[in-house]
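**Student:** below are the sequence and a predicted model; questions follow.
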Amino acid sequence: MLLTVWLFVQGLTLYLLATWYATQPGLDPTNTPLSMFFGQTSLFYLVLIFIAPVLTMRLFAEERRTGTIEPLRTAGVGDAALVAGKYAAGLIMWAALWAPTLLYVWIISRYGRIDPGVVASSYVGVMGTGLYYIAIGLLMSAVTRNQIVAAVLTFLVLALLFLGGVVEMVIDEGPTKDLFGYISLWGHMADFAKGIVDTRRLVFDGSLAALALFLCVRVVESWRHGS
């Protein structure tokens, strides 16, 4: 059901972008339906901010509520390994959502020209975003036994991170603007959607994911003390 809804929304978004693009002569040639699809519309970010909590809210919270997490913890599986396994499952789900969108790329290539490098960098950006989106969602799922609360907490954290990009647009030049620009998902995907693979963005993705996973392991360890 989730995959169906996801593909319907994404397919409709690409269709609307392609239709609009076809009726707008003289556009910047670096902007294409695909580049706009990967991060140049607010709908792209709204969908991601909603989908990540749905993917991750059950990973720990529901298992703790039902008690099905206990057999794993008493079977000799270390806390770090448990978190790593859940995280890998979340990333696989994230990749599974995006894999069918390759069909959109194929369809557009049948009717126009695409740049394989730009397409590849766009997916690198999407997977980089998934690294820390899933890690944050996993952390929020670990801190509560209620999956709805976990989803809401994840949404709030991701929304705050997204707002960093909005703040960048409204403040003057300076260190503060640079800081918000660094954490801006809008700027992140705008670069990748144009074929610019900025390693600073990937370092940010990996660092934030690592921090969230570190905290998640600590939360899981605290369960042993009844916290």
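**Tutor:** Received the coordinates, thanks.
**Student:** so which residue is dead centre in the protein?
**Tutor:** Note on the chain: the residue nearest the mean C-alpha position is Gly130, at 3.6 Å, using Cα atoms, centre = their mean.
**Student:** dump the residue contacts of it.
**Tutor:** In this structure, Gly130 makes contact with 52, 91, 94-95, judged by Cβ atoms under 8 Å, 6 or more residues apart in numbering. Heads up, the C-betas are built off the backbone N, CA and C, glycines and all.
**Student:** return the entry from those with the maximum number of neighbours.
**Tutor:** Ala52 (26 neighbours; other Cβ atoms under 10 Å).
**Student:** so who does that one touch?
**Tutor:** Ala52 touches 94, 130, 133-134, 136-137, 154, 158, counting by Cβ under 8 Å, 6+ apart.
**Student:** can I get the buried part of those as one PyMOL selection?
**Tutor:** Only the buried members of these enter the following PyMOL selection, criterion being 16 or more other Cβ atoms under 10 Å:
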select buried, resi 94+130+133+134+136+137+154+158
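**Student:** quick check: pLDDT value at the closest residue in space to Leu7 that isn't next to it in sequence.
**Tutor:** Spatially, and ignoring its direct neighbours in sequence, Leu7 is nearest to Pro100 (5.7 Å; Cβ to Cβ, 6 or more residues apart in numbering). Listed pLDDT for Pro100 reads 88.
**Student:** residues near Pro100, how many?
**Tutor:** Pro100: 13 neighbours (other Cβ under 10 Å).
**Student:** so in this protein, which helix runs the longest?
**Tutor:** helix 116-142 (DSSP state H).
**Student:** what is the mean pLDDT for that one?
**Tutor:** The average of the pLDDT scores along helix 116-142 is 91.
**Student:** any weak-confidence spans in this protein?
**Tutor:** Within the chain, the stretches with pLDDT under 70 are 1, 22, 24-31, 39-40, 72-73, 75, 168-169, 172, 174, 225-227.
**Student:** can you give me the helices for it?
**Tutor:** Under DSSP H, the chain gives helices at 2-22, 33-37, 42-56, 61-66, 70-73, 79-98, 102-111, 116-142, 147-170, 175-183, 185-193, 199-222.
**Student:** how far is the fourth one from where the chain is centred?
**Tutor:** It stands for helix 61-66. 23 Å (Cα atoms, centre = their mean, to the nearest Å).
**Student:** mind listing residues that contact it?
**Tutor:** With Cβ under 8 Å, 6+ apart, helix 61-66 has contacts from 69, 141-142, 144-147, 149-150, 223.
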